[in-house]
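S.K.: Next input, structure requested:
(chains A and B)
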Amino acid sequence: SAVISQKPSRDICQRGTSLTIQCQVDSQVTMMFWYRQQPGQSLTLIATANQGSEATYESGFVIDKFPISRPNLTFSTLTVSNMSPEDSSIYLCSVSGGQMDKNIQYFGAGTRLSVL
Amino acid sequence: EDQVTQSPEALRLQEGESSSLNCSYTVSGLRGLFWYRQDPGKGPEFLFTLYSAGEEKEKERLKATLTKKESFLHITAPKPEDSATYLCAVQAPGTYKYIFGTGTRLKVLA
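M.R.: From the prediction side, this is the model:
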């Protein structure tokens, strides 16, 4: 597996502001994914972060609200823009591929976001 | 529409009381099924992957099995440290994306 670091681990933000979450992996990976986990709920895929091109978003998620960057094979960021209390969630990144099985995703510890 | 359903939502067991968690799926051709464990405040931890009906995987007190419609996670003689949320995810053909189930919250009492 890989060592996946997410920053920040938690944050409390004001409505209308934006937060950028970082995901750093200790080895090159093929795929990086971003998920949202609302309180007491399971994981919902936001988008697949593609290296060198625009992310692929799932239904219900748009680039203006959740811009994603992936400048190289070990790093990605997710920005939560113009936040509202409904954006309070855990945001998780996962990775697969590289030296690992492409089918198995490994997760970071998550970023716990509270929006006031 | 591809869907994953887990049952029960929550389960309380006495230490040593074996049981099974269920993951039912409807997907147009299964690429793979994955079991994860999630502790409070942490990301999901990979446990098993199953690719074809009849396949079984074991790790300590856990055993995962797969049929054409569902998977079971059997827990034998559980201990309090097995308390966690267990998540099931499926992968459809032609994609590496996961669809997660709602999870089963397991509590093992000493």
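S.K.: Just give the nearest non-adjacent residue to the closest residue to chain A within chain B, would you?
M.R.: Using CB to the nearest CB, the closest approach of chain B to chain A is made by B:Gly43 at 3.5 Å. All C-beta atoms are positioned from the backbone trio N, CA, C, and that covers glycine. Nearest non-adjacent residue to B:Gly43, counting by CB to CB, 6 or more residues apart in numbering or on different chains: A:Phe107, 3.5 Å away.
S.K.: quick one: the residue in chain A that chain B sits nearest to from B:His74, how far?
M.R.: Closest to chain B within chain A is A:Phe107: 3.5 Å, counting by CB to the nearest CB. Between A:Phe107 and B:His74 the distance is 24 Å, computed by CB to CB, to the nearest Å.
S.K.: now the strands for chain B?
M.R.: Secondary structure of chain B (DSSP state E): strands located at B:3-7, B:10-14, B:19-26, B:32-38, B:45-50, B:56-59, B:62-66, B:70-75, B:84-91, B:99-100, B:104-109.
S.K.: Enumerate the residues of chain B near chain A.
M.R.: B:31-32, B:34, B:36, B:41-46, B:49, B:87, B:89, B:91, B:96-103 (CB under 8 Å from any CB of the partner chain).
S.K.: Quick check: bridge partners of A:Leu78?
M.R.: A:Ile21, A:Ile68 (DSSP bridges).
S.K.: repeat for A:Ala47
M.R.: A:Trp34, A:Tyr57.
S.K.: so it makes contact with A:Arg70?
M.R.: No - look at A:Ala47 against A:Arg70 with CB atoms under 8 Å: they stay out of range, at 10.2 Å.
S.K.: got any residues that touch both of those two?
M.R.: A:Ala55 (CB atoms under 8 Å, 6 or more residues apart in numbering or on different chains).
S.K.: How about B:Gln51, nearest residue that isn't a chain neighbour?
M.R.: Check again: residue B:51 is Tyr, not Gln. B:Gly32 (5.2 Å).
S.K.: So what touches stretch A:58-70?
M.R.: Residues contacting stretch A:58-70 (CB under 8 Å, 6+ apart): A:32, A:34, A:44-47, A:49-52, A:54-55, A:57, A:76-82.
S.K.: same check, this time on stretch A:80-89
M.R.: Taking CB under 8 Å, 6+ apart as the rule, stretch A:80-89 contacts A:13-19, A:21, A:36-39, A:64-67, A:91, A:113-116.
S.K.: sorry, back to before: and A:Phe107 and B:His74? which has more neighbours close in?
M.R.: A:Phe107 (23 against 15; other CB atoms under 10 Å in any protein chain shown).
S.K.: tell me the contacts of the more buried one?
M.R.: A:Ile4, A:Leu92, A:Cys93, A:Ser94, B:Tyr36, B:Gly43, B:Pro44, B:Glu45.
S.K.: try 10 Å this time
M.R.: Neighbour list for A:Phe107: A:1, A:4, A:6, A:23, A:33, A:35, A:43, A:92-95, B:36, B:38, B:42-46 [criterion: CB atoms under 10 Å, 6 or more residues apart in numbering or on different chains].
S.K.: Pairing partners for it in the sheet, please.
M.R.: A:Ser94.
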